[in-house]
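Q: Next input, structure requested:
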Amino acid sequence: MDKEVLEQEKKVLESVLKVIDKKHSLNLRNIERNKEEIQKAKKYFTTYYYEVTKDELANVNQQIENIEQQNILLSKNNERLAKQKKNAYFGRFDFKENGQENAQPFYIGLGAIQDDNQNLVYDWRADICSLYYDDTLGKTSYSCQDGVVEGDLKLKRQFKIENGELSYYIDSKMLIDDDILMEQLSQNATSKMHEIASTIQKEQNVLIRSDDFSNTIVQGVAGSGKTSIAMHRVSYLLYKYRNTLKSEDILILSPNELFSDYLSEVLPSLGEEKSFTITFATLAKRLLGQDFETREQMLERVISKQSQKDFENIAIKSSFEFLNDLKKFLKKDLCNLFVPKPLVFGNVVISKEELEDIFFERMKNLPVYKRVDVLAEYITEKFRLSQSTRADLQKRAKKILYNKFVTSDLLKIYNLFLGSIGLEEVETISAYDIAPVLLIKENLFGLKHNFDAKYVIVDEMQDYTPCHFHLFNKIWDCGKLFLGDINQSIDRTLPDTYLTNLAKSTNSKIKHLSRSYRSTMQISLLSQKILGRRVANNVNRNGEEVEFFRTKNTAQKIEEIVSKYEKSHRGQSIAIICKTEDDVKLLQKGNPFIKKFKELNKGKMVSKKIITTPSLAKGVEFDCVIIPFANETTYHNELDRNLLYVSSTRALHKLFFISDKTPTHFLKKTKK
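A: So this is what the prediction gives:
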């Protein structure tokens, strides 16, 4: 690092900070001026309330609302400027466009900073900033609204700026494995997701900046930044298509409340409003209108009992064959539940043959609810009535038509389907029954909802079945981004062919993220030994060795480990990840020290010390992870290996295994 260059860069930062201060002060003055205008308008409003017309009062009221809205925007702008003052930008690149004499420096940050219509700092989402993420030095080009711009990338520089102070800079050809990235990855875990705009890597940037809205499956290994990519993609789309796409147009299907918690920090830090986020459980409850077994309840039951019958049931209901059988049932057997009979309304008679012809022949390619709609309209047409009366009659006609079905009870119909393919009937709706039951409802009645979207992001895709994905296509007729890791499936084993079949079923293309940025090399390699195959390439971040302890007193050993770890790693997060809730209770029983660890309630981080299970910890990261009861009695089959893999890949810096036996039985020789 050249000291002279460092001083020059400090002067650049100083000038940018002065502009930020100037804008901040100007905004404050405008806010105060607006407040005075509001007070004047309100005084006029009260003084002349009885002397002016309603239109004049309405205009004054509208004026007040407009000024208040201006102040809201000015306040938000000042919040953004306050953040930018702490870290105005994180990088610089020099680009010489073909035809220009000299290269122009471009500073890049989380948001643009302008002075007299001149860009001092460019928003990371701007077209030209793709050069910073994608290219090495030399001849290059980027695409923008005016077409392709060619030129020469002369410099790529990264900065370490904290609280408005420039610590150092690094000139680099690439962004991978550099010092600043290593420093970011070495930081402590927090309850909020880190923004990664300063360290986005090339393969991540391709996904974030894609202008392709078609369905895409992202298979990313643990720690590849899938969720961060999703958030930055939302931010990028809202920036790039700001005239046609609003935050409410993007829906994020969240695996748990933690994801929503992430959003509360990440999108605002990227300068955007929150998008609409909903969990599948909440979505299903609104659409189904009745109680069912949640995925969390199902996982606890299945993982605890390890019932072969449960595993077989899951394997069948999560298969593409099951979905295909359901599609056939909906196309034929469900329709056959309709038993047409002549309808007589005074002088109007509709024959059985007419109903059969419309329902079974003319409308044979439509779902049942649309056939019923057409029939109801056909019946209404027989009466020459006013438009208002027609609506009431059509509603009544639909009710009469649904009474002609053998049954319209969703659970009974679902059991008819299960019986038709040789499966046992169910008394209640379990987690794996929700999607197929909703598909029956969609075909029979349609799904009325207010979850419209122009783009949908689905995280933890491995938690869903082919029936779920088919349902998503029924609910949202728009582009979707599916993110997940089939290696982190904890209720069934997913082969590599699953992705190919899923892509075909959802008309999606597949993108792979094989580079992991979370764990140290030692933790990552150990985690892959648990799986018995190499699934990830790691950034070269060395750390402490994984440690194994054999003891008869697990709680006491945990206390020893935590006490020792905290002395040298103050403020870091520590998680005890047990296989089941029963194991959690077993550890807590009679152990005051363990009871100090808070449970990960619905995926929400509530403490630096957490005790939880793999199903809830999935998607979360901790500085240190302790896995107790790591013996062959607790973990003994392939699904158990997946649970261990999920648990171990939650650790950033340190990983411990504790067992009453030598806890290495689950390690396999890694296959590439």
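
Q: What's the end-to-end length of stretch 247-255?
A: Stretch 247-255 has its terminal residues 20 Å apart, counting by C-alpha to C-alpha, to the nearest Å.

Q: Please enumerate the strands of the stretch 151-300 of the chain.
A: 165-171, 216-220, 250-254, 276-279 (DSSP state E, counting those that start in this stretch).

Q: where do the strands sit along the stretch 351-500 of the chain?
A: Using DSSP E, counting those that start in this stretch, strands in the stretch 351-500 of the chain cover 455-458, 479-484.

Q: Reformat those strands into CSV and put mean neighbour count next to each item.
A: To be clear about C-beta, it is placed using only N, CA and C from the backbone, and glycine gets the same treatment. Shown next, in CSV, are the strands of the stretch 351-500 of the chain (neighbours: other C-beta atoms under 10 Å):
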stretch, mean neighbour count
strand 455-458, 22
strand 479-484, 23
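
Q: Could you export those strands as JSON lines, including distance to S659 and mean pLDDT?
A: Formatted as JSON lines, these follow (distance: least, C-beta to C-beta, whole Å; pLDDT from 0 to 100):
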{"stretch": "strand 455-458", "distance to S659": "37", "mean pLDDT": "95"}
{"stretch": "strand 479-484", "distance to S659": "30", "mean pLDDT": "96"}
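
Q: Dump the ones you listed to CSV, plus distance to Y378.
A: Putting the strands of the stretch 351-500 of the chain into CSV (distance: least, C-beta to C-beta, whole Å) gives the following:
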stretch, distance to Y378
strand 455-458, 35
strand 479-484, 36
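
Q: quick one, phi psi at L586?
A: phi -60, psi -40 (degrees, to the nearest 10).

Q: Please enumerate the helices of the stretch 201-350 of the chain.
A: Remark: helices assigned in the stretch 201-350 of the chain by DSSP state H, counting those that start in this stretch are 202-208, 226-240, 257-269, 280-288, 295-305, 308-317, 320-328.

Q: Looking at these, which one is packed in the most?
A: helix 226-240 (a mean of 23; mean count of other C-beta atoms under 10 Å).

Q: Centre of the chain to it, how far?
A: 10 Å (C-alpha atoms, centre = their mean, to the nearest Å).

Q: Likewise for stretch 148-157?
A: That offset, for stretch 148-157, works out to 33 Å (C-alpha atoms, centre = their mean).

Q: Identify all contacting residues around that stretch.
A: 91-98, 100, 103, 105, 128, 131-132, 135-143, 169-173, 175 (C-beta atoms under 8 Å, 6 or more residues apart in numbering).

Q: and the strands of the stretch 151-300 of the chain as CSV, adding mean neighbour count?
A: Shown next, in CSV, are those (neighbours: other C-beta under 10 Å):
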stretch, mean neighbour count
strand 165-171, 14
strand 216-220, 23
strand 250-254, 25
strand 276-279, 18
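
Q: now the ones you listed in CSV, with distance to E442?
A: Converted to CSV, those look like this (distance: least, C-beta to C-beta, whole Å):
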stretch, distance to E442
strand 165-171, 54
strand 216-220, 23
strand 250-254, 17
strand 276-279, 17
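
Q: picking that back up, in TSV: the helices of the stretch 201-350 of the chain, plus distance to I523.
A: Shown next, in TSV, are the helices of the stretch 201-350 of the chain (distance: least, C-beta to C-beta, whole Å):
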stretch	distance to I523
helix 202-208	21
helix 226-240	18
helix 257-269	21
helix 280-288	30
helix 295-305	23
helix 308-317	29
helix 320-328	34
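
Q: before we move on, back to that, I'd like the strands of the stretch 151-300 of the chain as CSV, with mean pLDDT and distance to R641 appended.
A: Formatted as CSV, the strands of the stretch 151-300 of the chain follow (pLDDT from 0 to 100; distance: least, C-beta to C-beta, whole Å):
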stretch, mean pLDDT, distance to R641
strand 165-171, 88, 40
strand 216-220, 95, 19
strand 250-254, 90, 27
strand 276-279, 85, 27
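
Q: These: which one's closest to F549?
A: strand 216-220 (31.7 Å; C-beta to C-beta).

Q: how about the nearest residue to S143, chain neighbours excluded?
A: Once flanking residues are discounted, S143 sits nearest to D127: 6.5 Å by C-beta to C-beta, 6 or more residues apart in numbering.

Q: sorry, back to before: and the strands of the stretch 351-500 of the chain: which comes nearest K557?
A: strand 479-484 (34.1 Å).

Q: Show me the contact partners of the closest one.
A: 212-220, 226-227, 229-230, 233, 454-463, 469, 472, 502, 506, 508.

Q: again, only this time at 6 Å
A: 213-218, 226, 230, 455-462 (C-beta atoms under 6 Å, 6 or more residues apart in numbering).

Q: Repeat that for stretch 608-617.
A: 299, 490, 573-578, 584, 597-600, 603, 643, 646-647, 650.

Q: Any quick ChimeraX command for the buried ones out of those?
A: If you want just the buried ones from these in ChimeraX, going by 16 or more other C-beta atoms under 10 Å, the selection is:
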select :299,490,573,574,575,576,577,578,584,597,599,600,603,643,646,647,650
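
Q: The contacts of stretch 608-617 in strands, which ones?
A: 574-577, 598-599 (DSSP state E).

Q: surely the residue nearest to S143 meets C144?
A: Yes. Contact status for D127 versus C144: in contact at 4.0 Å, counting by C-beta atoms under 6 Å.

Q: out of those two, which sits in the more crowded spot?
A: D127 (15 against 11; other C-beta atoms under 10 Å).

Q: Low-confidence ranges, the protein, go.
A: 1, 173-199, 258-274, 385, 601-606, 662-672 (pLDDT under 70).

Q: top helix in it by residue count?
A: If you go by DSSP state H, the chain has its longest helix at helix 3-47.

Q: I'd like to know which elements it is packed against.
A: helix 54-86, strand 165-171 (3 or more C-beta pairs under 6 Å, 6 or more residues apart in numbering; DSSP states H and E).

Q: Could you dump the ones you listed into TSV with distance to P436 added?
A: Shown next, in TSV, are the helices and strands packed on helix 3-47 (distance: least, C-beta to C-beta, whole Å):
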stretch	distance to P436
helix 54-86	45
strand 165-171	54
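
Q: can you tell which of the ones you listed is closest to G419?
A: Here helix 54-86 is closest among the helices and strands packed on helix 3-47 (C-beta to C-beta), at 57.9 Å.

Q: Spatially nearest residue to K618, not counting backbone neighbours?
A: That would be V646: by C-beta to C-beta, 6+ apart, it lies 5.5 Å from K618.

Q: What of L447?
A: L287 (5.6 Å).

Q: where does that neighbour sit relative to G446, distance-wise?
A: Note on L287: its distance to G446, by C-beta to C-beta, to the nearest Å, is 11 Å.
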